[in-house]
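# Mind looking at a prediction? Sequence and model below.
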Amino acid sequence: MKNDADSMKISVLSSGSGGNVTYIETNQHKVLLDAGLSGIRIKKLMNSINRDLADVDMLLVSHEHTDHSKGVGILARKYPQINVYANQETWDAMASTIGKVSSSQKNIFPPNMTISFGDLDIESFAVSHDAARAQFYNFHHNNSSFVVITDVGYVSDKILGVIKDANAYVFECNHDLEMLRSGEYPWSLKQRIMGDEGHLSNESGANALMNCIGNDTQHIFIGHRSHHNNVKELAHLTVSSMLEENDFGVGNDFDLLDTDVEKASPIYNL
């Protein structure tokens, strides 16, 4: 890990079907991507990495599903210094669930656009998911990049062009296909999860990663794991085995890291 005082710092505060929050920091900005937990839980997770919500100035929202938006309204009302960014369709879709957000805090971030915020450039990219208009983000700072991509049915060539060779990824490996197929979910829900607007499996996540990993890639977080249709050890074994079988240097060229809904990752410098 770099110790450069001007590095981009990241921590996956929470990732999984029960909630998603990621922290990004530069000298000028302290940013949350998604707020899929209660305000109290997000505050505790921030405190666990020695950071304070009172210092956060930006909150980006990927889409309206509650495991990504549950705490958006709460944080906006409690911390009026936070500017909240989402595309128009996401704002419209979550309006009835997040409560009132001051118009002075509401900002539109269209998909497939790069916006510069001082020392941080943020690039949005649309993904295929059964939400109003889901989008995720590539964060750029001092020649380093950090991509979060979860809640995606498939990774298109267009997306690959945006996210290839990032320094770090939070990459979706939502379910094990056999656990999903043999589980108790109704068939209609299984079809939705496995479909082009659903979620990446461990295998499809690993396959997509093989097209993304480059010489600059340092850290890969296995993200958005299902509580019902996956197991941390199984996801890690599947992804690491597939990468190693294709001559990727897991543990040597880059770290393959697990995530958790209840426990924040350490802070990593990029």
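Looks like it arrived, so ask away.
# Contact partners for residue 231?
Going by Cβ atoms under 8 Å, 6 or more residues apart in numbering, residue 231 touches 176, 179. Glycine gets a C-beta too; all of them are placed from N, C-alpha and C.
# Quick check: bridge partners of residue 137?
On the basis of DSSP bridges, residue 137 is bridged to residue 124, residue 148.
# just checking, it touches residue 148?
Yes. Using Cβ atoms under 8 Å, residue 137 is in contact with residue 148, at 6.0 Å.
# Between these two, tell me which one has more neighbours.
Counted by other Cβ atoms under 10 Å, residue 137 and residue 148 do not tie: residue 148 has more neighbours, with 29 against 25.
# For the more buried one, which residues are in contact?
Each residue near residue 148 by Cβ under 8 Å, 6+ apart is listed here: 22, 33, 62, 136-137, 169-170, 223.
# likewise residue 188?
With Cβ under 8 Å, 6+ apart as the criterion, no residue contacts residue 188.
# Which parts of the helix or strand encompassing it count as buried, going by neighbours?
Following DSSP states H and E, one finds residue 188 within helix 187-194. Across helix 187-194, burial judged by 16 or more other Cβ atoms under 10 Å covers 190, 193-194.
# The helix or strand following it - contacts with which helices or strands?
Downstream of helix 187-194, the first helix or strand assigned by DSSP H and E is helix 202-212. Of the remaining helices and strands, those touching helix 202-212 by 3 or more Cβ pairs under 8 Å, 6 or more residues apart in numbering; DSSP states H and E are helix 157-163, strand 168-172, helix 232-245.
# hmm, back to that, find the residues that touch each one of residue 137 and residue 148.
Residues touching both residue 137 and residue 148 (Cβ under 8 Å, 6+ apart): 33, 62.
# do you know which of the helices and strands packed on helix 202-212 lies nearest residue 96?
Nearest to residue 96, of all the helices and strands packed on helix 202-212, is strand 168-172, at 26.5 Å by Cβ to Cβ.
# pLDDT on the very next helix or strand once past the closest one, on average?
Beyond strand 168-172 on the C-terminal side, the first helix or strand identified by DSSP H and E is helix 177-182. Confidence over helix 177-182, taken as the mean pLDDT, stands at 97.
# With adjacent residues omitted, what lies nearest to residue 51?
Nearest residue to residue 51, sequence neighbours excluded (Cβ to Cβ, 6 or more residues apart in numbering): residue 23, at 6.7 Å.
# that's a helix at the one you found, yeah?
No. Applying DSSP: H, G, I helix; E, B strand; the rest coil, one finds residue 23 to be strand, outside a helix.
# Could you measure from it over to residue 239?
Distance from residue 23 to residue 239, counting by Cβ to Cβ, to the nearest Å: 23 Å.
# quick revisit: touching, the residue nearest to residue 51 and residue 10? I think so.
Yes. Under the criterion of Cβ under 8 Å, residue 23 makes contact with residue 10 at 6.7 Å.
# Residues that sit against both of those two, list them.
Taking Cβ under 8 Å, 6+ apart as the criterion, residue 23 and residue 10 both touch residue 267.
# The two - which one has more neighbours?
Using other Cβ under 10 Å, the more surrounded residue of residue 23 and residue 10 is residue 10, with 26 against 23.
# pLDDT wise, what is that one at?
In this model, residue 10 is scored at 98, pLDDT.
# Likewise for the one 4 residues further on?
As predicted, residue 14 sits at a pLDDT of 98.
# Once you drop chain neighbours, what's closest to it?
residue 21 (4.7 Å).
# List the residues that contact the one you found.
So residue 21 contacts 13-14, 32-37, 42, 45, 71 (Cβ under 8 Å, 6+ apart).
# Check residue 172 too.
Contact analysis of residue 172 by Cβ under 8 Å, 6+ apart lists 149-152, 199-200, 205, 223-224.
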